[in-house]
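Colleague: Following is a predicted model, sequence given first.
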Amino acid sequence: MLLFTLFGGYMLTSVVLLKYPTLIHKRKKIKFVCHHISHRGGAGEGYENTMAAFTKAVNIGTEMLELDCHLTKDGKVVVSHDHNLLRSTGIDKNISSLKYSELPLLKSRLPIDFDPDTEYIGSEEVENRKIPLLQEVFEAFPDFPMNIDIKINDDRLIQEVSNLIRQYKREDYTVWGNFSDEITQKCYKTNPNVNLLFSTKRAMLLVLWMYTGLLPFMPLKETHLEICLPSILLRKRLALNPPINVTLEKFLIRCMSILLMRPALFNHLRSRGIHVYFWVLNRDEEFKKAFELGATGVMTDYPTKLKLFLKEHSIE
């Protein structure tokens with residue numbers, strides 16, 4: 001009887017605190033709220049991770065730029081998704097093996113990772129296809145929210161990005177981290193004043209804590225959760241690496257959707273001041289689903305399309 005009473009009291013307290021977490025947690029104060037996030041600057045409407053793409057997305061009305069960083073041989077922090085340049089430039093070299101002055105231009109036709117069988121085809125202008133320095137991006141868009149993915153586990157890269165964040169006084173307007181928990185923890189230790197992403201490991205712990213009732217009691221240092229719709233994974237899987245058993249793939253994706261896509265989880269995090277972003281969505285029905293689930297914002301390759309959706313649906 002005593003155990004039953006204790007368990008019942010625990011579950012009741014957990015349910016109440018799941019809905020009202022600020023009873024025991026101080027709400028995080030983040031200086032920006034972003035509904036509209038441009039993935040790699042909007043890879044479907046400009047050459048990914050370039051100054052031209054970032055400028056276009058900002059002019060369209062995006063509220064955050066998502067970008068990726070690597071370190072060159074001469075210690076320059078550059079904005080590029082891939083460490084190896086073959087996909088993006090046609091040259092089979094790693095960024096870390098080249099000086100910044102030696103980096104090739106992006107190809108005139110670039111595949112869009114989250115829109116299978118589609119390419120961005122832009123102009124042949126050299127300036128539009130240059131791999132930029134992170135410093136250039138910070139200088140061009142001061143105080144503009146940016147989401148920085150530290151692509152490889154490199155202490156020097158993390159330190160150099162941190163140095164630039166400090167130099168340009170943008171701790172409050174930057175989010176950084178990686179799906180790797182080791183990289184993300186290093187980011188936090190290097191500069192705990194920068195907004196922090198949940199790693200995959202920590203995101204899975206969120207789900208475990210939710211189902212065991214522990215989530216309302218757990219302190220969270222992270223400020224931003226990035227999560228994908230399981231249907232996006234299925235689309236990429238079917239297009240880029242056809243599975244042996246389509247039925248099994250669909251079953252696993254369905255299980256993921258049931259376990260992970262929980263509005264109670266997202267609403268709890270938002271009540272604690274943690275932003276929830278869904279990536280990388282490129283269709284109106286995906287935008288709609290994300291906001292219905294409780295997303296703070298959506299990351300897309302098509303800034304214009306998302307801007308029109310937000311206007312039509314009056315997302316606040």
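Modeller: That came in fine, so what should we check first? Numbering: from 1, shown residues only.

Colleague: can we go C-alpha only for contacts and neighbour counts from here?
Modeller: Fine.

Colleague: Strands of the stretch 201-316 of the chain, start to end?
Modeller: 224-228, 275-279, 297-300 (DSSP state E, counting those that start in this stretch).

Colleague: and of those strands, who's closest to residue 179?
Modeller: Of all the strands of the stretch 201-316 of the chain, strand 224-228 sits nearest to residue 179, with 9.2 Å by Cα to Cα.

Colleague: residues contacting residue 92?
Modeller: If you count contacts by Cα atoms under 8 Å, 6 or more residues apart in numbering, residue 92 has them with 84-86.

Colleague: quick one: residue 161 and residue 77 touch, right?
Modeller: Yes. Residue 161 lies in contact with residue 77 (Cα atoms under 8 Å); the separation is 7.0 Å.

Colleague: Point out the most buried one among the strands of the stretch 201-316 of the chain.
Modeller: strand 297-300 (a mean of 26; mean count of other Cα atoms under 10 Å).

Colleague: what does that one contact?
Modeller: Contacts of strand 297-300 (Cα under 8 Å, 6+ apart): 34-39, 42, 275-282, 287, 290-291, 306.

Colleague: Which is the succeeding secondary structure element to the helix or strand harbouring residue 37?
Modeller: Per DSSP states H and E: residue 37 is located in strand 36-39. Once the chain leaves strand 36-39, the next helix or strand it forms, by DSSP H and E, is helix 51-60.

Colleague: can you list the residues that contact that following helix?
Modeller: Counting by Cα under 8 Å, 6+ apart, 38, 40-43, 45-47, 65, 128, 132, 137, 303-304, 307 sit against helix 51-60.

Colleague: C-alpha coordinates for that helix, CSV please?
Modeller: What follows is helix 51-60, C-alpha atoms only, in CSV (Å, rounded to 0.1, in the frame of the first residue of the first chain):
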residue,chain,number,x,y,z
MET,A,51,27.1,34.8,-48.8
ALA,A,52,24.6,35.1,-51.7
ALA,A,53,22.3,32.5,-50.1
PHE,A,54,22.5,34.1,-46.7
THR,A,55,21.8,37.5,-48.1
LYS,A,56,18.8,36.3,-50.1
ALA,A,57,17.3,34.5,-47.2
VAL,A,58,17.6,37.5,-44.9
ASN,A,59,16.0,39.7,-47.6
ILE,A,60,13.1,37.2,-47.9
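
Colleague: Report the next helix or strand after that helix in sequence order.
Modeller: Past helix 51-60, the next helix or strand by DSSP H and E is strand 64-71.

Colleague: Now do that following strand against helix 51-60, angle only.
Modeller: 160 degrees (axes from the mean of the first three to the mean of the last three Cα atoms, to 10 degrees).

Colleague: Give me the contact list for strand 64-71.
Modeller: With Cα under 8 Å, 6+ apart, strand 64-71 has contacts from 34, 36-41, 49, 54, 57, 77-81, 83, 95-96, 134, 144-152, 157.

Colleague: related to what we said a few turns ago, figure out which of the strands of the stretch 201-316 of the chain is closest to residue 103.
Modeller: Across the strands of the stretch 201-316 of the chain, closest to residue 103 is strand 297-300 (Cα to Cα), at 26.8 Å.

Colleague: The closest one pairs with which strands?
Modeller: When pairing is defined by DSSP bridges, strand 297-300 lines up against strand 36-39 (parallel), strand 275-279 (parallel).

Colleague: what does the model give residue 314 for pLDDT?
Modeller: You'll see residue 314 listed with a pLDDT of 79.

Colleague: For the nearest residue to residue 153 once chain neighbours are set aside, pull up the helix or strand it's in.
Modeller: Using Cα to Cα, 6 or more residues apart in numbering and skipping residues adjacent in sequence, the residue nearest residue 153 is residue 183, 5.6 Å away. Using DSSP H and E, residue 183 sits within helix 181-190.

Colleague: Give me the buried stretch members for stretch 63-74, please.
Modeller: Neighbour-count burial for stretch 63-74, counted by 16 or more other Cα atoms under 10 Å, picks out 63-72.

Colleague: Can I get those residues in TSV including pLDDT?
Modeller: Converted to TSV, those look like this (pLDDT from 0 to 100):
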residue	pLDDT
63	98
64	98
65	98
66	98
67	98
68	98
69	98
70	98
71	98
72	98
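
Colleague: Same list (the residues you listed) but as CSV, adding distance to residue 200.
Modeller: Shown next, in CSV, are these (distance: Cα to Cα, whole Å):
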residue, distance to residue 200
63, 24
64, 21
65, 21
66, 18
67, 18
68, 17
69, 19
70, 20
71, 23
72, 27
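
Colleague: Switch the strands of the stretch 201-316 of the chain over to a markdown table; also include distance to residue 104.
Modeller: A markdown table is the format used below for the strands of the stretch 201-316 of the chain (distance: least, Cα to Cα, whole Å):
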| stretch | distance to residue 104 |
| --- | --- |
| strand 224-228 | 31 |
| strand 275-279 | 29 |
| strand 297-300 | 26 |
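
Colleague: Cool, thanks, signing off.
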